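Below is the structure, and that's it, no one-letter string:
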């Protein structure tokens, strides 16, 4: 069995868990090096790898040392947001096949740097947006491809995740979110909701995002959290003014006329929900109820008003699994389900490793990475300017008109 010789750069919570739960469970992956600026993280994760895989990987606190290793074929980057572009471009220049974790960009120039480095080196790079591989997103995408939704008009989604404890414990956890929430106000984590929508709307492959407007609410959630947990909060944070708005709403307009609504919602009490919603001329999908409404040519009199009809149809997407759920999800193992985020992490890494072994195009490529990450910076500018419209760069330089669709899983109509 061919084994991909992989290095992991960034061993915080995300990097460590994915290494332990996903990469260590893959028989065709050999983790030969790990890197983090903190030596204790390197020691902890290298010990886990030795226990699970039988080999003790090389450890380094400088990623350049890992990229200099000729035996490393591929790298997975899970460092702090601020370093994603720096390390990814260095990896591509070192001819290491690159997987980079999600996060937003800090400048348009950084996004262009990613694109130009890829075009210079042709080193494969995959943006690891795991939500593109979740079962609901893949099912809805298959239904869109099969014409169930008719013409898509509008999509929306949210990163609705109560991150208050993680943010406030940033110094203790050595986590990057805290400094970002203190100093920036933007759509800082757009890709969980945007990634699947961008695939559905063929962004960079027949369509593109052309402009956005963003507005931010006041910042009160973290202050209240600190007040309510004053006995356990880092005393240095008690008088900190957080710049990040509690709710950020972003509206994106696409070249083909669709609109996209994104909402960042991470500093107020709430249930977790990505709130994916798809509006087409023939159907609607709503993740909050896992519900699809298909217009079957009836009149409005056939659809009863009120909540009863809605609640009667909650989770009705399950009725379409036989036809539209990918085989990988139908056959997913218990171990893969438990490896992280209900199975989508294992699914995502399986696709990445298979693409390496089969010399295939990465399904979430550098143009996706640049345009999705760019939302963070563009939203920051729009907020600063009071909700002014900001233009998207065309990172494909016009090739979006020619590039063919590339879904994370290829769908064929079953009609």
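Nice, I can see it. Keep in mind the model is a prediction, meaning the values are calculated, not measured. Numbering: from 1, shown residues only.

C-terminal to the helix or strand hosting residue 41, what's the next element?
Using DSSP states H and E, residue 41 sits in helix 39-53. Following helix 39-53 in sequence order, the next helix or strand is strand 58-60 (DSSP H and E).

Which neighbours in the sheet does that next one have, and how are they oriented?
Using DSSP bridges, the strands paired with strand 58-60 are strand 29-35 (parallel).

quick one: average confidence on the strand it pairs with?
Confidence for strand 29-35, expressed as mean pLDDT, is 98.

cool, stretch 200-219 as well?
98.

Would you map the strands across the protein?
Under the criterion DSSP state E, the chain carries strands at the ranges 4-9, 29-35, 58-60, 74-77, 97-101, 125-128, 152-160, 209-216, 247-254, 259-265, 277-280, 283-286, 291-294, 390-391.

average pLDDT for the shortest one?
Per-region confidence: strand 390-391 scores 98 on mean pLDDT.

check contacts around the residue lying closest to residue 349 once chain neighbours are set aside.
The shortest distance from residue 349 to any non-neighbouring residue, by Cβ to Cβ, 6 or more residues apart in numbering, is to residue 22 (5.2 Å). Using the backbone N, CA and C atoms, a C-beta is placed for each residue, glycine as well. The contact partners of residue 22, by Cβ atoms under 8 Å, 6 or more residues apart in numbering, come to 339-340, 345-346, 349.

Would you reformat the strands of the chain as a markdown table and include distance to residue 410?
Converted to a markdown table, those look like this (distance: least, Cβ to Cβ, whole Å):
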| stretch | distance to residue 410 |
| --- | --- |
| strand 4-9 | 22 |
| strand 29-35 | 24 |
| strand 58-60 | 37 |
| strand 74-77 | 23 |
| strand 97-101 | 20 |
| strand 125-128 | 16 |
| strand 152-160 | 19 |
| strand 209-216 | 23 |
| strand 247-254 | 23 |
| strand 259-265 | 23 |
| strand 277-280 | 20 |
| strand 283-286 | 21 |
| strand 291-294 | 22 |
| strand 390-391 | 32 |
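
got CSV for those, with distance to residue 230 and mean neighbour count too?
Shown next, in CSV, are the strands of the chain (distance: least, Cβ to Cβ, whole Å; neighbours: other Cβ atoms under 10 Å):
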stretch, distance to residue 230, mean neighbour count
strand 4-9, 37, 24
strand 29-35, 37, 24
strand 58-60, 39, 19
strand 74-77, 37, 25
strand 97-101, 33, 26
strand 125-128, 37, 26
strand 152-160, 26, 21
strand 209-216, 26, 20
strand 247-254, 24, 22
strand 259-265, 24, 21
strand 277-280, 38, 21
strand 283-286, 39, 20
strand 291-294, 41, 18
strand 390-391, 39, 16
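
Of those, which is nearest residue 234?
Proximity to residue 234, assessed across those by Cβ to Cβ, is greatest for strand 259-265 (23.4 Å).

Can you check what angle separates the closest one from strand 247-254?
160 degrees (axes from the mean of the first three to the mean of the last three Cα atoms, to 10 degrees).

for strand 259-265, what is the average pLDDT?
On average, strand 259-265 scores 98.

ok, and what's touching it?
By Cβ under 8 Å, 6+ apart, the list of residues contacting strand 259-265 reads 153-161, 187-190, 193-194, 197, 201, 209, 246-254, 275, 375.
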